[in-house]
Structures are given as structure tokens and as C-alpha cells.
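Trainee: Okay, here's the prediction I keep looking at, along with the sequence it came from:
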Amino acid sequence: MMSANKVGERMISERQLRILEAIISDFIDTAQPVGSRTISKKYPLGISSATIRNEMADLEELGYLQQPHTSAGRIPSDLGYRLYVDSLVNVHTIGYEEKEVIQSLLRSRIIEANDLAKQAAKLLAEFTGLVAIVAIPKFNKCKLGNLKLVKVSDSRVLLIMVTDTGIVKNIQLGISNTDQFILDRVSDTMLNHLSGETIENIDMRSILKIKDKLLNYGDFVDYLIPILRDALKSLNGTEHHTEGLSQLLTIQEFSNPEKARAIFDFLKNPENLEKLVEGSPVNQLSIKIGSEIGLDALDECSVITSAYKVDGKTDGRVIVLGPKRMDYGNVVSIVNYISNTLSDVFSGITL
């Protein structure tokens with residue numbers, strides 16, 4: 001380790017770095033402000049309590065620690081967490097049993113993108129104890145690879161669409177009194193003429209061209225066209241699956257109902273989730289702390305984000321949100337493993 005570390009213009013010695021690591025580790029475990037006597041008793045730093053106290057004062061002056069009004073102990077500042085994350089966190093190796101659970105659930109027979117994303121979000125929330133968000137790539141930006149209309153009841157037809165990247169989308173259509181034979185003919189004709197088209201570019205003109213190829217089913221096609229139009233419009237935008245919101249109240253930092261409600265309301269808004277997703281880097285793991293997130297409602301949070309690939313293209317996002325006082329090494333390992341597993345699974349999906 002180097003004898004000194006530099007963050008901006010703030011120099012920090014190796015001894016100060018070890019003290020900062022001990023303070024943050026203890027604060028993550030206890031959620032209580034940390035004093036010099038605690039550090040001297042619990043961590044073998046080989047220096048006196050008085051020396052630790054002086055170094056803590058210097059760390060506070062440098063901006064790495066802060067002192068709550070009600071306690072003589074210190075807690076990390078955003079800058080302290082940033083140095084800790086960048087220089088000191090050791091990413092854990094995810095356990096064999098956790099790997100087995102993730103693999104078995106995400107590599108099951110789930111082929112619908114929404115179901116897979118929802119299952120991934122549940123696993124993230126369960127393993128981290130935090131809020132988990134999995135964002136599915138914008139379906140309408142992909143090209144159509146396969147299409148099928150399937151009769152599921154006398155009044156419902158299922159439209160199954162598969163992109164060229166393997167993402168599956170199911171849409172229920174309110175269509176009555178039709179035969180599967182007709183649906184097969186319409187499906188085949190639509191696929192022949194629309195395969196390879198970007199889904200957002202499949203408009204009324206594209207669909208009307210198909211009508212000429214289905215003259216024997218004119219009445220049915222006239223009925224089908226506006227339903228298809230509305231279904232395709234519904235595919236616009238990124239879809240998000242959020243799990244673990246109720247866990248906010250179990251976290252000490254968010255035990256205040258008003259604070260928890262503010263974060264809860266923020267995360268329930270799809271536009272806010274879109275901002276969170278769009279603000280994350282595309283090709284790398286991202287850890288943002290407090291004000292770095294750039295969203296006022298999340299100033300008391302940290303956000304860890306990783307991208308996953310669909311058929312080699314980086315499109316989806318895996319996000320974990322929680323207090324700044326989180327076990328970064330453990331959360332990063334789980335986020336990485338689930339995002340990598342999603343990349344593998346989505347690349348292998350076929351209809």
C-alpha cells in the first residue's frame with residue numbers, strides 16, 4: 001500500500017486510511033457513531049486511543065468523517081464512503097448455495113422477459129435485504145424476430161413477439177370468435193412481411209399492407225388492426241421491476257416513516273426509475289453515493305448498478321438501492337453474479 005492516498009487535493013496517510021476503514025466497517029455493522037476507544041479496543045492498529053482521536057479529528061477536517069450533534073463519535077461522510085469504496089472494499093466471492101439458487105431460478109423454463117426480470121429482482125432483494133430494480137431493455141427498439149397469435153379462450157388471444165435479441169413479450173388481446181387456423185395464417189403473413197423491422201417502426205401503414213395479403217379474412221383483419229396498433233404502442237419505454245420496498249422500514253436510516261415514504265413514492269414513479277437507469281454507465285459497474293446519484297430524493301442512499309447484455313448488446317440494468325451504510329463488497333458480488341447470469345440467460349432464449 002502506498003504511504004499516502006490523494007483524493008482531489010486531500011492527502012491522507014496510510015494510518016488515517018486504516019482508521020477510516022475501521023470506522024466505516026464498525027459503522028456498517030452497528031449503525032452507531034464510532035469513537036476512538038471503540039476503534040482502539042476492537043481493531044489491532046497498534047496505536048493509542050489518543051492518537052486515534054487526533055487522527056479522527058484530522059479526518060473530519062479533511063471531510064472524510066462527520067460528527068452527529070448528539071454524539072461524540074464520528075460517522076463517514078459521502079467523501080469517506082467514496083474513498084472506502086474506491087480503495088478499501090474487497091468484493092466477496094458469492095457462496096456456492098447462493099449460486100445454485102440463482103442458477104436454478106433464472107435458468108428455469110421462464111422465457112417471458114417480464115417474468116425473468118421479476119424473478120431476478122426478487123433474488124436481489126432477498127440476498128441483499130435492500131431495494132432491487134431490474135430494468136428490461138426497450139422492447140420497441142429491437143427488431144422483430146418471431147411472432148405468433150395463439151387462441152387462449154373464446155374471448156382472448158395471446159400475441160407472442162420475440163425480438164432478434166431473444167426477448168419475449170406476451171400481450172393479451174381482446175379478440176372473440178376466431179379459429180386458430182385463421183390466427184396461424186395471419187401470424188405467418190405478418191411475420192413474412194415484418195420480420196427484421198424495428199418494432200417501433202411497425203406502424204399502421206405496415207399493417208395495412210398485410211391486409212391485401214389476407215383478402216379472405218378481411219372482416220377479421222379490419223377488427224384486428226386497431227387492436228394490434230394499440231398493443232404495439234404499449235411497448236414503448238423501459239420496463240422496471242422493483243422488489244424489496246417494504247424492507248426500507250427495517251433499515252435504521254429509513255425507520256422514520258416520512259423519510260421511507262419519500263423514497264418509496266420516488267421509486268414507485270416510472271419516470272424516476274427511468275432517470276435512475278439512464279444515469280448509470282453502460283459498460284461498467286457503478287457505485288454512486290448520496291449526492292453523486294443526482295436525485296434529491298436519494299441523497300441519503302447509495303446505488304449500485306450493473307448492466308447485463310441481451311445477445312451481446314448492453315441494454316438491461318440491475319440496480320440495488322440502500323443506505324450508504326451497506327456491505328458494499330457483498331452487494332457488489334451479488335449484483336455482478338445476477339447481471340452476468342441474466343446476460344447468459346437472455347442470450348439463450350428462443351421461442
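Mentor: Thanks, I have it.
Trainee: Can you pull out the low-pLDDT segments for the stretch 101-250 of the chain?
Mentor: Where the stretch 101-250 of the chain drops to pLDDT under 70, the residues are 108-111, 138-141, 165-167, 204, 215, 217-218, 229, 231-238.
Trainee: those helices in it, which residues are they?
Mentor: 113-128, 180-194, 204-211, 218-233 (DSSP state H, counting those that start in this stretch).
Trainee: Determine which of those helices approaches Asp296 most closely.
Mentor: Nearest to Asp296 among the helices of the stretch 101-250 of the chain is helix 113-128; the distance by CB to CB comes to 23.9 Å. Just so you know, the C-beta spots here come from the backbone N, C-alpha and C atoms, and that holds for glycine as well.
Trainee: quick one: buried residues of the helix ranked longest in the chain?
Mentor: Counting by DSSP state H, the longest helix found in the chain is helix 328-347. Using 16 or more other CB atoms under 10 Å as the burial criterion, the residues of helix 328-347 that qualify are 328, 330-339, 341-343, 345-346.
Trainee: just stretch 223-231 next, same as before
Mentor: So for stretch 223-231, counting by 16+ other CB under 10 Å, buried means Leu224, Leu228.
Trainee: what does that stretch rub up against?
Mentor: Leu159, Ile171, Leu173, Gly174, Ile175, Val186, Met204, Ile207, Leu208, Lys211 (CB atoms under 8 Å, 6 or more residues apart in numbering).
Trainee: Near the first one, how many other residues are there?
Mentor: Under the neighbour criterion other CB atoms under 10 Å, Leu159 is assigned a count of 22.
Trainee: Kindly provide the distance from it to Ile182.
Mentor: 14 Å (CB to CB, to the nearest Å).
Trainee: same deal with the second one?
Mentor: Per CB to CB, Ile171 is found 18 Å from Ile182.
Trainee: follow-up on the earlier one: what's the angle between the longest helix of the chain and helix 113-128?
Mentor: 160 degrees (axes from the mean of the first three to the mean of the last three CA atoms, to 10 degrees).
Trainee: Which neighbouring elements make contact with helix 328-347?
Mentor: helix 96-106, helix 113-128, strand 301-310, strand 313-323 (3 or more CB pairs under 8 Å, 6 or more residues apart in numbering; DSSP states H and E).
Trainee: Relative to Arg107, how far out is Pro68?
Mentor: 46 Å.
Trainee: Against the centre of this protein, work out the most remote residue.
Mentor: Distance from the centre of the chain peaks at Asn216, with 47.5 Å (CA atoms, centre = their mean).
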